[in-house]
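[1] Okay, here's the prediction I keep looking at, along with the sequence it came from:
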Amino acid sequence: AARPRVLSGIQPTADSFHLGNYLGAVRNWVAMQETHDTFYCVVDLHAITAGHDPEVLRQRTRVSAAQLLAAGLDPDRCTLFVQSQVPEHSQLAWVLSCITGFGEASRMTQFKDKSAKQGADRSSVGLFTYPILQAADILLYQADAVPVGEDQRQHLELTRDLAQRFNTRFGKAFTVPAPYIVKETAKITDLQDPTAKMSKSASSPSGIIELLDDPARSAKKIRSAVTDTGREIVFDAEHKPGIANLLTIYAALSGRTIDDLVAAYDGRGYGDLKKDLAEVVVEFVRPIQERTRAYLDDPAQLDKMLAIGADKAGAVASATLRTTYERVGF
Ligand code: ADP
Ligand code: NA
């Protein structure tokens, strides 16, 4: 049987992915190459909704693609592309926006959160319609499944509603995608505020580990991670979130289980755990950095890989758009 198709995207909105992005998303993308028909995109169209610098965006898009390849995406086993290179995303988004209710779009909590930060009047219409573009990203590829974290569930629900609505109103054009919940997905928290998620919008840079940062600096951040005043190394996300986070990262990067780590650190202190984890992190980022640099050092080859990806994606996207346009009456 054909493998289920999956679509996922990541924004090129930082100079480096952080450990949360890797352990919460990218690592699963790599694994899904074995089990799914995978389409992955660097969603640069989504990266211009809140103001940006063109040269910085161009650079971040390339660095994002290079990091994904360095982390293990294999262009022979997945379709990796840059969203803006497949114009059908914008074209389908327009059609979908015309079957989305204004009230329906207004209920998206992520827009409310983000626009509240910027001031609602200053937010772009693009930020408002972002979930509709996201629906187009997914529906263009007839994706069966979309890996989603909690924060994206509402957008996937909208995508499913739009697919069903279109299919009912105009005739079937879209697969209705199901959420793909990755069981062992690690939720990584901020090293300085272990109750908040590790995020590029963190208040302090010492709370996040960036894959492309100087490894010595990352090691230092791990060693100065905020923990509690206790001494015992146990996994207790509620009462000892700092230690739980370090154990989660350690287990994910080393392939050891949390139980195994807890047993290994029995009778030892937080300092030992941090020192060892710092080394694990350094050893983990080193090869990723080397491979990322190698991709960036050969821009012609990187561009060629992305162009091939955009061709493969475009073949699927244009077939879907053709059907959609035909159904709509174009
Ligand atoms: P950020 O929160 O830094 O802005 P994004 O929202 O761009 O990150 O997230 C990109 C991907 O990385 C998403 O799939 C998201 O679920 C995942 N991700 C981001 N931060 C974390 C985290 N702290 N733990 C686990 N996964 C995360
Ligand atoms: Na985010």
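    Now that the structure is in, tell me what you want to look at. Ligands and ions are numbered 1, 2, ... in the order given.
[2] Please count neighbours and contacts with C-alpha atoms only from this point.
    Will do.
[3] Just name whatever secondary elements the strand or helix carrying Leu158 is in contact with.
    Secondary structure from DSSP states H and E places Leu158 in helix 153-170. Under the contact criterion of 3 or more C-alpha pairs under 8 Å, 6 or more residues apart in numbering; DSSP states H and E, helix 153-170 touches helix 125-139, strand 178-180.
[4] Next, format these as CSV and append mean pLDDT, mean neighbour count and distance to ligand 1.
    Below are those laid out as CSV (pLDDT from 0 to 100; neighbours: other C-alpha atoms under 10 Å; distance: least, C-alpha to the nearest ligand atom, whole Å):
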stretch, mean pLDDT, mean neighbour count, distance to ligand 1
helix 125-139, 96, 22, 13
strand 178-180, 93, 16, 12
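[5] got the ones you listed as JSON lines, with distance to Phe39 columns?
    What follows is the helices and strands packed on helix 153-170, written out as JSON lines (distance: least, C-alpha to C-alpha, whole Å):
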{"stretch": "helix 125-139", "distance to Phe39": "9"}
{"stretch": "strand 178-180", "distance to Phe39": "14"}
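[6] Which one, of the ones you listed, ends up nearest to Cys41?
    helix 125-139 (8.9 Å; C-alpha to C-alpha).
[7] Tell me the residues of the stretch 51-200 of the chain that contact ligand 1?
    Within the stretch 51-200 of the chain, the positions near ligand 1 by C-alpha under 6 Å from any ligand atom are 149, 186-189, 197-200.
[8] could you redo the last one with a cut-off of 8 Å?
    Within the stretch 51-200 of the chain, the residues that sit near ligand 1 (C-alpha under 8 Å from any ligand atom) are 147-152, 185-190, 197-200.
[9] contacting residues around the lowest-mean-pLDDT helix or strand in the chain?
    Sorted by mean pLDDT, DSSP states H and E, the helices and strands of the chain end with helix 109-118, the least confident at a mean of 86. Helix 109-118 is contacted from outside by 106, 122-123, 127-128, 151, using C-alpha atoms under 8 Å, 6 or more residues apart in numbering.
[10] try it again with 6 Å
    Residues outside helix 109-118 that contact it (C-alpha atoms under 6 Å, 6 or more residues apart in numbering) are Ser123.
[11] Can you list the residue ranges for strands in the chain?
    Per DSSP state E, the chain carries strands over the ranges 5-10, 37-42, 78-82, 145-147, 178-180.
[12] Out of these, which is the most enclosed?
    Of all the strands of the chain, strand 78-82 has the most neighbours on average by mean count of other C-alpha atoms under 10 Å, namely a mean of 24.
[13] partners of that one, with directions?
    Applying DSSP bridges, strand 78-82 is found paired with strand 37-42 (parallel).
[14] gap between the two ends of stretch 204-217?
    14 Å (C-alpha to C-alpha, to the nearest Å).
[15] any low-confidence regions in the protein?
    The chain contains residues with pLDDT under 70 at 1, 183-185.
[16] switch the cut-off to 90
    Within the chain, the segments meeting pLDDT under 90 span 1-2, 50-51, 109-122, 148-153, 181-187, 201-204.
[17] Would you map the helices across it?
    19-21, 27-32, 54-70, 88-97, 102-106, 109-118, 125-139, 153-170, 215-223, 241-254, 258-264, 270-297, 299-328 (DSSP state H).
[18] buried ones in stretch 191-202?
    Applying a neighbour-count criterion of 16 or more other C-alpha atoms under 10 Å, one finds 191-195, 197-200 buried in stretch 191-202.
[19] Show me what it is in contact with.
    Around stretch 191-202, the neighbours that count as contacts under C-alpha under 6 Å, 6+ apart are 20, 188-190, 207-208, 225-226, 241-242.
[20] how does it look with 7 Å?
    The contact list for stretch 191-202 (C-alpha atoms under 7 Å, 6 or more residues apart in numbering) reads 20, 188-190, 206-208, 225-226, 241-242.
[21] from the middle of its chain, how far away would it be?
    16 Å (C-alpha atoms, centre = their mean, to the nearest Å).
[22] can you check stretch 268-280 too?
    In terms of C-alpha atoms, centre = their mean, the centre of stretch 268-280 is set 28 Å apart from its chain centre.
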